[in-house]
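**Q** Any chance you could fold what I've pasted below:
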Amino acid sequence: MKRIILTVLFVFVFGWISYSVLYNGFFGVKSMTIQEYDRTFDDAEKVTDHEVISTVTGILNRSNKITNVHYKLAVEPTYKIRLEYKETDEILYLHEGFDTNETLISSNRSEYYYKINQKQTDTIVQLLSK
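**A** The predicted structure is shown next:
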């Protein structure tokens with residue numbers, strides 16, 4: 001009995017640690033809009049398809065979170081994505097070509113950065129630009 005309790009406790013702690021390390025907090029998104037950086041969101045079409053939103057938030061939640069760093073970027077972002085939640089919104093800025101085959105994502109609400117590869121960037125842009 002003691003062995004079962006320890007096993008369950010270990011699985012729970014391991015799951016909780018994995019979840020907190022791998023999860024970036026992109027959830028509850030009602031709609032998304034993508035636009036080139038130098039354009040306004042007024043011209044863009046909102047994406048409300050649940051399947052597209054879950055795919056994009058899945059990519060964002062699996063991205064590499066960069067903490068304790070502040071970059072001074074010399075170039076402007078390529079795209080910006082507005083995530084609309086129930087009561088608020090957030091704008092993500094995609095800096096393509098940040099590193100070899102990598103895109104840096106910054107946010108107007110978070111001090112963290114996120115990195116995704118070029119294939120994930122292309123998937124996000126393709127899904128939201130339809």
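**Q** just how off-centre is stretch 30-44 within its chain?
**A** Counting by Cα atoms, centre = their mean, to the nearest Å, stretch 30-44 is centred 16 Å from the centre of its parent chain.
**Q** just checking, what packs against the longest strand seen in the chain?
**A** The longest strand of the chain (DSSP state E) is strand 89-99. Contacts defined by 3 or more Cβ pairs under 8 Å, 6 or more residues apart in numbering; DSSP states H and E place strand 89-99 against strand 79-84, strand 102-107, helix 118-128. For every residue, glycine as well, the C-beta is placed using N, CA and C.
**Q** Convert the C-alpha atoms of the first one to PDB, please.
**A** Presented in PDB, the C-alpha positions along strand 79-84 are these (Å, rounded to 0.1, in the frame of the first residue of the first chain):
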ATOM      1  CA  TYR A  79       4.000  39.800 -38.400                       C
ATOM      2  CA  LYS A  80       1.800  40.600 -35.400                       C
ATOM      3  CA  ILE A  81      -0.900  38.400 -34.000                       C
ATOM      4  CA  ARG A  82      -3.700  39.600 -31.900                       C
ATOM      5  CA  LEU A  83      -5.100  37.000 -29.500                       C
ATOM      6  CA  GLU A  84      -8.500  38.000 -28.100                       C
END
